[in-house]
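Novice: fold the following.
(one chain, ligands or ions: 1)
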Amino acid sequence: MDEEKIRQRLLDLKAEVSGRIRAIDRDIRHEGMTADWSEQASERENDEVLESLGNSSEAELAQIKAALLRLDEGIYFHCDECGTSIPEERLELLPFTAHCVACAEKIEA
Ligand SMILES: [Zn+2]
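Specialist: Coordinates of the predicted model:
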């Protein structure tokens, strides 16, 4: 697999996720908005959804940054846990994964 292509893909993803985080932050702050009580209540609910979306986006961004570092260090193609090479199809699907399928299952279980 072409390393430069992977790097570009990770950088694109990074830009996309960073943009998403900025948009969520803006939404949560509701700058300049005034609302009556019922609107405020539903906004609070909405904020919780936005916040969890924001948190998972932050986690995704951290993974993407880690993957770029792994690429720089030349360890990108190998599982962080057991050192086996990660199948290309898996990296196609999850370009920021640091683990082979077996280890990912162990870690997530
Ligand atoms: Zn592994």
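
Novice: look at residue 96 and say how many residues are nearby.
Specialist: 22 (other Cβ atoms under 10 Å). In short, each C-beta sits where N, CA and C put it, glycine included.

Novice: so it, which of the three states?
Specialist: What DSSP: H, G, I helix; E, B strand; the rest coil gives for residue 96 is coil.

Novice: list the contacts of it.
Specialist: 10, 13, 60, 63-64, 66-67 (Cβ atoms under 8 Å, 6 or more residues apart in numbering).

Novice: show me those that map onto helices.
Specialist: 10, 13, 60, 63-64, 66-67 (DSSP state H).

Novice: widest-spaced pair of the contacts of residue 96?
Specialist: Using Cβ to Cβ, these reach their maximum pairwise distance at 13 and 66, which is 12.4 Å.

Novice: who has more neighbours, the two?
Specialist: More neighbours surround residue 13 than the other of residue 13 and residue 66, with 18 against 14 (other Cβ under 10 Å).

Novice: wait, isn't that one in contact with residue 95?
Specialist: Yes: with contact defined as Cβ atoms under 8 Å, residue 13 reaches residue 95; the gap is 6.8 Å.

Novice: how far away is the residue of the chain positioned farthest from its centre from the ion?
Specialist: The centre of the chain is farthest from one residue, residue 36, which by Cα atoms, centre = their mean lies 34.9 Å away. According to Cβ to the ion, to the nearest Å, residue 36 and the ion sit 54 Å apart.

Novice: among the ones in helices among the contacts of residue 96, which one lies nearest to residue 106?
Specialist: Among these, and counting by Cβ to Cβ, the member closest to residue 106 is residue 63, at 17.5 Å.
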